[in-house]
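Visitor: fold the following.
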Amino acid sequence: MPETRQTYPAPTSVQDLSGGAQISRHRHSEHQLVYASSGAAEVRTDTGCWIAPADRAIWIPAGHWHEHHFYGPTRFHCVAFPPGRSPGWTTPTVVGTPALVRELVITCSSPAGLPGAELDRLQQVLLDQLRRSPPQQLGLPAARDERLRRACALVEQDPTAGWTLSALGRRIGASERTLTRLFRTELAMTYPQWRTQLRLHRAVRLLAEGLPVTTVAGRCGWASASAFIDVYRTVLGRTPGRARYAGKPEPAPTR
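Guide: Model prediction:
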C-alpha cells in the first residue's frame with residue numbers, strides 16, 4: 001500500500017486520510033486526544049507504539065515526540081487540552097470510547113460555531129469521562145537492548161513463523177534465560193504476552209484495511225480463526241467482526 005505524508009494537523013482538527021498515510025515526527029505544547037472514527041490510527045514514539053481501532057482513542061501527553069500511521073480510510077479527530085488539564089497520564093495511553101466519549105470527541109474536534117465557554121465545558125466533561133476510562137492493552141513497548149531488539153525484529157518480520165524463545169536465542173546469540181529476563185525487565189511482559197500484543201497490533205491494522213477475519217487470523221500467526229476471535233474478544237471486549245461497526249450503529253444480532 002503506498003504511503004503518503006501529511007502535513008501536521010492543527011492540535012484540534014478533523015482530517016480524512018487514505019490508508020497508508022503518515023504524519024511525520026512532531027510534538028505539541030498541548031496534551032492531545034486522537035481518535036479514528038473509521039479506520040485505525042497508530043502513534044509511534046521512541047519508547048513504543050500504540051494503536052486504536054474505531055472504538056479506542058489515544059492520549060498523547062504534551063511535549064512527547066510522536067508520529068502517526070493510518071490503516072484503511074481513516075477519519076482522524078484531534079482534540080487539544082492545555083497542559084494544566086489532564087487525566088494524569090504521563091505516557092501515551094489507549095482508552096475506550098463509549099458512546100458519550102465518542103460524541104464528545106467528534107464535537108470538540110470540529111468546534112466551529114461553538115462559543116468558547118461551551119466548548120470549555122464540553123472538554124471538561126470529556127476529561128471527566130476519560131478519568132473514568134481504564135487504560136487499554138494496546139501498547140507495544142520498544143526494546144532497548146540490542147539483543148532483544150533483534151529478537152523482536154525477527155518475530156515482527158513474520159508473526160506466522162512460530163519462533164520459540166530458545167530458537168530466537170540461538171539465532172541472535174543469547175540464551176533463552178537471558179531473553180526471558182530481558183522481556184520481563186525491559187518490556188514488563190513474558191515473551192508469549194509480547195507476541196500476543198504484536199499479533200493484536202497487526203490484526204487491528206489488517207481489519208481496518210478490510211481483510212476478512214479468517215485471513216487476518218492466518219496472517220497474524222493464530223492457528224485458527226476461532227483462536228484469534230477468542231483473544232481479540234478477551235482483550236478488546238468484542239469480536240473482530242463486530243469491531244468493524246465501531247463508531248456506527250451495529251447490525252441487529254441474528255438468531
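Visitor: ok, longest helix in this protein?
Guide: helix 191-208 (DSSP state H).
Visitor: residues making contact with the helix or strand following that helix?
Guide: Next in sequence after helix 191-208, counting helices and strands by DSSP states H and E, comes helix 213-219. Helix 213-219 is contacted from outside by 159-160, 202-203, 206-207, 211, 224-225, 227-229, 240-241, using CB atoms under 8 Å, 6 or more residues apart in numbering. Where C-beta positions appear, they are placed from N, C-alpha and C, glycine not excepted.
Visitor: go on, stretch 171-181?
Guide: Arg147, Leu148, Arg150, Ala151, Leu154, Leu165, Ser166, Leu168, Gly169, Thr190, Tyr191.
Visitor: now, these that are in helices?
Guide: Short answer: the contacts of stretch 171-181 in helices (DSSP H) are Arg147, Leu148, Arg150, Ala151, Leu154, Leu165, Ser166, Leu168, Gly169, Tyr191.
Visitor: which of the residues you listed has the most neighbours?
Guide: Ala151 (26 neighbours; other CB atoms under 10 Å).
Visitor: my read is that it contacts Leu168, right?
Guide: Yes. Counting by CB atoms under 8 Å, Ala151 touches Leu168, with 4.5 Å between them.
Visitor: which SS state does the residue nearest in space to the middle of the chain fall under?
Guide: Here the mean C-alpha position of the chain is nearest to the C-alpha of Ile51 (CA atoms, centre = their mean), at a distance of 1.0 Å. Look at Ile51: counting by DSSP: H, G, I helix; E, B strand; the rest coil, its state is strand.
Visitor: quick check, pLDDT for it.
Guide: Reported pLDDT at Ile51 in the predicted model: 95.
Visitor: who does it bridge with?
Guide: Glu42 (DSSP bridges).
Visitor: how near is it to Arg121?
Guide: 31 Å (CB to CB, to the nearest Å).
Visitor: how about the residue nearest to Leu182 when sequence neighbours are not counted, what does it touch?
Guide: Leaving aside its sequence neighbours, Leu182 sits nearest to Leu148 (CB to CB, 6 or more residues apart in numbering; 4.4 Å). Shown in contact with Leu148 (CB under 8 Å, 6+ apart): Leu179, Leu182, Phe183, Glu186, Leu187.
Visitor: for the third one, give its distance to Ser175.
Guide: Right, Phe183. 13 Å.
Visitor: which one of these two has more residues nearby?
Guide: For Phe183 versus Ser175, neighbours defined as other CB under 10 Å are more numerous around Phe183 (22 against 13).
Visitor: the more buried one: which element?
Guide: helix 176-187.
Visitor: just the CA coordinates for that helix, please, in CSV.
Guide: Output of helix 176-187 as CSV, limited to C-alpha atoms (Å, rounded to 0.1, in the frame of the first residue of the first chain):
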residue,chain,number,x,y,z
GLU,A,176,16.8,-18.4,26.5
ARG,A,177,17.3,-17.4,30.1
THR,A,178,18.7,-14.0,29.0
LEU,A,179,15.9,-13.3,26.6
THR,A,180,13.3,-14.3,29.3
ARG,A,181,14.9,-11.8,31.7
LEU,A,182,15.0,-9.0,29.0
PHE,A,183,11.4,-9.4,28.1
ARG,A,184,10.4,-9.1,31.7
THR,A,185,12.8,-6.2,32.7
GLU,A,186,12.5,-4.1,29.5
LEU,A,187,9.0,-4.8,28.3
